[in-house]
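Colleague: Take a look and give me a structure for this.
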Amino acid sequence: MSLPSRPRAAFVVTGSELVRGERTDRNGPFLAREALRLGLEPARIAIVGDRPEELEAAFREGLGADLCVVSGGLGPTHDDRTIELLARAIGRELVVDQALERQIGDVSRRIAERLRRPYADFQAGVRKQATLPAGASSLGLAGTAPGVLLEANRTVVVALPGPPGELQRLWSRALETEAIRRLLERARPPGRRVLRFFGASESAVAHALDQAGGEGEGVEATVCARDFEVHVDLVVDDGGEPRADALAAALREGLGAHLFAEDERPVEELVLALCRARGLSLATAESCTGGLVAARLTSVPGASDAFRGAVVAYADDVKRAELGVPAEVLEQHGAVSAETARAMAVGARERLRVDVAVSVTGVAGPGGGTPEKPVGLVYVHAVAPDGELAAGFSLPADRETVRRRAAASALHLVRRLVTGG
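Modeller: Residues are numbered from 1 along each chain as shown. I've put the predicted structure just below:
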C-alpha cells in the first residue's frame, strides 16, 4: 500500500562548481531533511550549472512541486541568474523593490567605505539584487544577497543564497511566512524509526527486513550502507505504527548483536557521551587516517569534556619517538601490523595520560601495498583501564574509502570497549 500523498518539495541547487565536482552540495541534503521533518515529500534534488537554458529548464520542472526551493545565483555578478530566470519560468516581469534597494545599498556603502572604493562601483550590483519578480518579497539579507519568496499558481517558490550558513539562516525566516505556513497546514510529519547497525552486511539487514514482512501498510523502509554501518530508516504514516513496531522488533531480535543505536547521532557523538558518562578521557594515535578519527571526535560540540588529544604518527621514527613503539616491533612486524597497532594505543594512553586510547595503522593506497600487506589492510586497537580490543580488515578500495572505514572502525572499537559490547 502506498503512503498517502503529501505536498511535494523540489530543490534546485545552482552552481557550475558543483556540477564540475569542485565543491560538494550541502544545501540539497539539508533542505530535503527539513522537508521530511516538516511533513513534506522530498521529490527531487537537481544540481544545475550556470547555463541559462539548463537553469530555466530546472526551474520549470521544480515549479511542478508544491514547494520549489532554489539555492545560489543571487549575487550581483553577470552569472548570478536565478531571479531573472525564475521570473522567465514563472512568466512574471522584473521590478525594482525600492525598499530592498535602499537596504542593500546601505550594506554596500559600508563595504565600499571599508574597501576604500567609490559606491558607484557597487550601484549596478545593488540594483540587480533589488530587482525581483513581480509579487515577490524579500526574506532579509545575507550579506547583500536577499532571500526571496513568491507564489506562482499552486507553487511556493523560495530562493536562497548558496553559502550553507546563509541559506539555513534565511530558510528559518521562510518558515515564518504565511505562504509556507499555509503549505505546512497540508503537511503531515511522518513518524520514524531509525535502527543503526555496525558489522552486519547490507544484504543481511535487507534479508532480515524482508523476512519480517518488509515495507507496506503505512511504512516505507530504506536501507543505506556506509563504512561498515547500515542504517534502516522506517518512515511511518498514520496507521503504520504496528507494522513499524513489528519490523523494528524483528530487526532487534535477528541483528541485535550489531545494533548500536536507535537514533541519528553519529558514532563519534555516542563515543563521547559514553566516555563522559563514565568519567573517561580519550585520545587517538593515528597513522593512515592522519587525524581523521580525532577530527570526527572534535566535530562534536563539547568534545573537550572527554577528548584530550591525538598523535599523528605517520613515519616509523615518529611512532618510536612520540608513542614509544619499540623498534623491534616495527622491525619484526612492520608498521602495518596488529602488534604495532597495540603498541601505538598503549603508547598514546601513557604519553597523553588518558583512560582510553585507540590507534589506527594501515595501507590506504593507492601505492605501498604488497602481496602480504595489500592496499585496504587496516589494524585498529583500543585500550582502557579494564581491558583492550583489537580489530582489523582487508578490503581493497580507494584511499578515501579506506581511511573513512578505518576511522569508523576505530570509533566503533572504542564504543564496544567502553560498553563491553
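
Colleague: going forward, measure contacts and count neighbours with C-alpha atoms only.
Modeller: Noted.

Colleague: and E22, how many residues sit next to it?
Modeller: Residues near E22, counting by other C-alpha atoms under 10 Å, number 9.

Colleague: helix, strand or coil for it?
Modeller: For E22, the assignment made with DSSP: H, G, I helix; E, B strand; the rest coil gives coil.

Colleague: and A250, what pLDDT?
Modeller: Reported pLDDT at A250 in the predicted model: 95.

Colleague: so how far is L195 from it?
Modeller: Noted for A250: a distance of 11 Å to L195, by C-alpha to C-alpha, to the nearest Å.

Colleague: Have a look at these two and say which one is more surrounded.
Modeller: Taking neighbours as other C-alpha under 10 Å, A250 and L195 compare with L195 leading, 20 against 17.

Colleague: I'd assumed V126 was in contact with V96.
Modeller: No: V96 is not in contact with V126 according to C-alpha atoms under 8 Å; the separation is 10.3 Å.

Colleague: Now do the contacts for the residue lying farthest from the centre of the chain.
Modeller: Centroid-distance maximum for the chain: E328 at 42.4 Å, with C-alpha atoms, centre = their mean. With contacts taken as C-alpha atoms under 8 Å, 6 or more residues apart in numbering, E328 has no neighbouring residues.

Colleague: did I read that right, it in a helix?
Modeller: Yes: using three-state DSSP, the secondary structure at E328 is a helix.

Colleague: For the stretch 101-250 of the chain, which segments count as helices?
Modeller: 120-129, 164-174, 178-184, 202-211, 241-255 (DSSP state H, counting those that start in this stretch).

Colleague: The stretch 301-421 of the chain now?
Modeller: 316-323, 327-333, 338-351, 399-419.

Colleague: mind listing what's buried in the third one?
Modeller: Buried residues in helix 338-351, counted by 16 or more other C-alpha atoms under 10 Å: A338, E339, T340, A341, R342, A343, M344, A345, V346, G347, A348, R349.

Colleague: Would you confirm that the third one contacts A327?
Modeller: No: checked against C-alpha under 8 Å, the pair T340 and A327 is beyond contact range at 9.9 Å.

Colleague: what bits of the protein have low per-residue confidence?
Modeller: The chain contains residues with pLDDT under 70 at 1-4.

Colleague: so what's V311 up against?
Modeller: Per C-alpha under 8 Å, 6+ apart, neighbours of V311: T284, A285, E286, G291, E322, L323, A348.

Colleague: now with 7 Å?
Modeller: If a contact means C-alpha atoms under 7 Å, 6 or more residues apart in numbering, then V311 has T284, A285, E286 as its contacts.

Colleague: So what does T24 have for phi and psi?
Modeller: Dihedral angles of T24 (phi, psi; degrees, to the nearest 10) stand at phi -100, psi 140.

Colleague: okay, now it: neighbour count?
Modeller: Neighbours of T24 (other C-alpha under 10 Å): 10.

Colleague: you'd agree it is up against L18?
Modeller: Yes: at 6.1 Å, T24 and L18 qualify as touching, with contact defined as C-alpha atoms under 7 Å.

Colleague: Please report the distance of the residue farthest from the centre of the chain from L195.
Modeller: Distance from E328 to L195, by C-alpha to C-alpha: 45 Å.

Colleague: What about the contacts of V311, which one has the most neighbours?
Modeller: A285 (35 neighbours).

Colleague: Now do that residue against E253, distance only.
Modeller: 36 Å.

Colleague: now E151
Modeller: 49 Å.

Colleague: Neighbour count: these two, which is higher?
Modeller: E151 (18 against 12).

Colleague: got the contact list for the more buried one?
Modeller: By C-alpha under 7 Å, 6+ apart, the neighbours of E151 are V157.

Colleague: Pretty sure A136 sits against A152.
Modeller: No: using C-alpha under 7 Å as the test, A136 is too far from A152 to be in contact (9.7 Å).

Colleague: okay, these two: which has more neighbours?
Modeller: A136 (20 against 15).

Colleague: Just give the closest residue to that one, not the sequence neighbours.
Modeller: L150 (4.5 Å; C-alpha to C-alpha, 6 or more residues apart in numbering).

Colleague: cool, A46 as well?
Modeller: A46 sits nearest to V12 (C-alpha to C-alpha, 6+ apart), 4.8 Å away.

Colleague: E113 too?
Modeller: Nearest residue to E113, sequence neighbours excluded (C-alpha to C-alpha, 6+ apart): Y119, at 8.0 Å.

Colleague: any idea how far V126 is from that neighbour?
Modeller: In terms of C-alpha to C-alpha, Y119 sits 10 Å off from V126.

Colleague: Of these two, which one has the most company?
Modeller: The residue with more neighbours, out of Y119 and V126, is V126; 25 against 16, by other C-alpha under 10 Å.

Colleague: Quick check: the more buried one touching Q103?
Modeller: No: with contact defined as C-alpha under 7 Å, V126 does not reach Q103; the gap is 9.3 Å.

Colleague: related to what we said a few turns ago, tell me which of the contacts of V311 is nearest to D386?
Modeller: T284 (17.7 Å; C-alpha to C-alpha).

Colleague: Distance check, that closest one against Q168.
Modeller: For T284, the distance to Q168 - C-alpha to C-alpha - is 33 Å.

Colleague: Now the element after the helix or strand hosting F30, going C-ward?
Modeller: Assessed by DSSP states H and E, F30 sits inside helix 27-38. Going down the chain from helix 27-38, the next helix or strand is strand 41-48, by DSSP H and E.

Colleague: helices or strands up against that following strand?
Modeller: For strand 41-48, the elements it packs on are strand 8-14, helix 16-19, helix 27-38, judged by 3 or more C-alpha pairs under 7 Å, 6 or more residues apart in numbering; DSSP states H and E.

Colleague: partners of that strand, with directions?
Modeller: Using DSSP bridges, strand 41-48 pairs in its sheet with strand 8-14 (parallel).

Colleague: Compute the inter-axis angle for the strand it pairs with and helix 27-38.
Modeller: If you take axes from the mean of the first three to the mean of the last three C-alpha atoms, to 10 degrees, strand 8-14 sits at 160 degrees to helix 27-38.
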